[in-house]
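Chemist: Give the three-dimensional model of this entry:
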Amino acid sequence: MKSDIDSIIKNREALLSHGWVKGRKACLDIIEYALKAVDPYHATHMAVQLHEEALIVDGREYDLKTFDHIYIIGAGKATFRQAQAMDEILGDRIDEGVVVVKHGQAKPLNHIKILESAHPVPDHNSFTASREVIKIAEKAGKNDLVICLMSGGVSSNCCSPVDEISDADKIEMNRLLVHCGAQVTEIMSVRRHLSKIKGGRLGLIIQPATCITLTVSDAIGDPMEWNADWTHPDSSTFQDAVDILHRYGLWDQIPVRVRDYFSSFTNEKETPKSLENGKFQYCMIVKTTDLWKAAVKQSEKLGFTPYLLTSEMKGESREAGRVLSSIAREAGKTRKLFQIPCALIATGETGVRIHGEPRGKGGANQELGCGACLDLTLEENIVVGAIDTDGTDGPTDYAGALTDGSSVAAAQKMGFDFHKELMEHNTSELLKSIGDIIYTGHTGSNVNDLVVILVL
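Modeler: Modelled structure (predicted):
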């Protein structure tokens, strides 16, 4: 058994102290292998090389002697590892750089300033950081190179609301959106139309400089638009944002200034639909496909026949977990769906819809893991691992859950009503109490959520 020190998962020993231990160990091994495969640091070094004065990015060559200045900007939960690599690659050639990450991720770099802010709801630092990013973008001239590092989390880590609304309005909008059950792209569509930098607006500011955007995907299907949000044209519209607010019953809850802003359309309020006059390159250095492919590879190595159930997992977290678990139970019972032993793999991003104030804390993957084990028995030899690949599931310090047929019984012995705790969104406390919570700390990556279900 690996020691906790050697593992990305810091509490392996506790997770393997109970339940179906053989399945739990294999599940953790698959998850760890997949996390290592989507490390942005190594991916950046693979995509970007420097040969004397030639910078080669995904096969495209730039003569650095033709640039007066090189700037690096960025934000998101996977951008520290990108920044670390770019700091090593370009070194003293970097004139100035600012990258914004989640609280607890920052370490000093030699040529790039690393700032911290909150996620999933912005804080004061998020707005201060955006001003530094914009300042560099405005400084860039036609003979300058701007390298933009982006990943999931950027919307909270770096906020610059339109003039008509306040910082407090933007914070409240983020809070409402992350709790309403909307899909990530729907949330992004609203955020873009309340921002000075999102939906390609920062790309307009960067022009006429040359801009290279390096992204780590956390969007289903790996669309470049949603992953290069600052510098890529926006396909969503002002009316889309309004429709989404009505669809999820938020229109009457949003701040008055936001409602007033969305109540009257002008051309200036629309995001850019083209940046055709700019000099832009987009390179996705880590894709969500890299995540599930790594899980498939390690599953095979450990003797499990792998099946990708979906790379577009969506919906209410606990219900998604229950559905995935029912497929696993059927596979084990009839032996007709899949070749046993098997690994059922899913990636994507589910959501948690909260009505009122939750009694406790949790996250989408913790709720998925809890929903998945509700109907399991220990005799079925099924284990479910669900993690947020950045290591912080929802507003918690935990990555996700590892559950099996022992989980509900263990909770009952400790006096918990498992279903009640799940419905009241108190999953962190529940999972900690029974030793089924996964703790990694910040992984440095952020590539969708990963679910691995093993059936023996």
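Chemist: And the helices in the stretch 151-300 of the chain?
Modeler: 154-157, 167-178, 184-192, 201-206, 224-227, 238-247, 256-262, 288-301 (DSSP state H, counting those that start in this stretch).
Chemist: Residue 451: which of these is closest?
Modeler: Closest to residue 451 of the helices of the stretch 151-300 of the chain is helix 288-301 (CB to CB; 9.3 Å). Heads up, the C-betas are built off the backbone N, CA and C, glycines and all.
Chemist: okay, the angle between the next helix or strand after the closest one and helix 288-301?
Modeler: Scanning forward in sequence from helix 288-301 by DSSP states H and E, the next helix or strand is strand 305-313. On the basis of axes from the mean of the first three to the mean of the last three CA atoms, to 10 degrees, strand 305-313 is oriented at 160 degrees to helix 288-301.
Chemist: Next secondary structure element downstream of strand 305-313?
Modeler: helix 317-334.
Chemist: Contacts for that following helix, please.
Modeler: 309, 313-314, 337-338, 340, 342, 344, 346, 350-352, 364-365, 367-376, 380-382, 384, 386, 422, 451, 453, 455-456 (CB atoms under 8 Å, 6 or more residues apart in numbering).
Chemist: again, but for stretch 92-104
Modeler: 64, 69-77, 79-80, 82-83, 86-87, 111-119, 126, 129-130, 132-133, 136, 139, 149, 153, 157-158, 390, 392, 442.
Chemist: How about it, which residues are buried there?
Modeler: 94-102 (16 or more other CB atoms under 10 Å).
Chemist: what do you get for stretch 142-162?
Modeler: Buried, per 16+ other CB under 10 Å, within stretch 142-162: 144-162.
Chemist: For residue 112, which non-adjacent residue is closest in space?
Modeler: residue 97 (3.6 Å; CB to CB, 6 or more residues apart in numbering).
Chemist: What strand or helix carries the one you found?
Modeler: Per DSSP H and E: strand 96-102 holds residue 97.
Chemist: partners of that strand, with directions?
Modeler: strand 69-75 (parallel), strand 113-117 (parallel) (DSSP bridges).
Chemist: Export only the CA atoms of that strand, formatted as CSV.
Modeler: C-alpha atoms of strand 96-102 as CSV (Å, rounded to 0.1, in the frame of the first residue of the first chain):
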residue,chain,number,x,y,z
GLU,A,96,5.5,41.5,-16.1
GLY,A,97,3.0,39.0,-15.0
VAL,A,98,-0.1,38.5,-12.8
VAL,A,99,-1.9,35.3,-12.2
VAL,A,100,-4.8,34.8,-9.8
VAL,A,101,-5.5,31.5,-8.0
LYS,A,102,-7.7,30.2,-5.2
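Chemist: so how far is it off the chain centroid?
Modeler: Computed by CA atoms, centre = their mean, to the nearest Å, the chain-centroid distance of strand 96-102 equals 17 Å.
Chemist: any idea of the mean pLDDT in it?
Modeler: Averaging pLDDT along strand 96-102 gives 97.
Chemist: how about stretch 118-125: buried residues?
Modeler: For stretch 118-125, using 16+ other CB under 10 Å, the buried residues are 118-123, 125.
Chemist: Out of the residues you listed, list just those in strands.
Modeler: Secondary structure from DSSP state E places none of the buried residues of stretch 118-125 in strands.
Chemist: Can you pick out the most distant pair from these?
Modeler: 120 and 125 (14.2 Å).
Chemist: Okay, the closest residue to residue 39 other than its chain neighbours and residue 206: tell me how far apart.
Modeler: Spatial nearest neighbour of residue 39, chain neighbours left out: residue 445 (6.0 Å); criterion: CB to CB, 6+ apart. Distance of residue 445 to residue 206, computed by CB to CB, to the nearest Å: 26 Å.
Chemist: again with residue 237
Modeler: The spacing between residue 237 and residue 206, counted by CB to CB, is 23 Å.
Chemist: out of these two, which sits in the busier spot?
Modeler: Per other CB atoms under 10 Å, whichever of residue 237 and residue 206 has more neighbours is residue 206, with 28 against 16.
Chemist: Which secondary structure element is home to the closest residue to residue 42 other than its chain neighbours?
Modeler: With sequence-adjacent residues excluded and distances taken as CB to CB, 6+ apart, residue 42 is closest to residue 85, at 7.9 Å. Using DSSP H and E, residue 85 maps to helix 79-90.
Chemist: Could you list the buried residues of that helix?
Modeler: Counting neighbours by 16+ other CB under 10 Å, helix 79-90 gives 79-87, 89-90 as buried.
Chemist: Which neighbouring elements make contact with that helix?
Modeler: Packing partners of helix 79-90 (3 or more CB pairs under 8 Å, 6 or more residues apart in numbering; DSSP states H and E): helix 40-47, strand 48-51, strand 69-75, strand 96-102, strand 144-150, strand 210-216.
Chemist: try 7 Å this time
Modeler: On a contact count with 3 or more CB pairs under 7 Å, 6 or more residues apart in numbering; DSSP states H and E, helix 79-90 meets helix 40-47, strand 48-51, strand 69-75, strand 96-102, strand 144-150.
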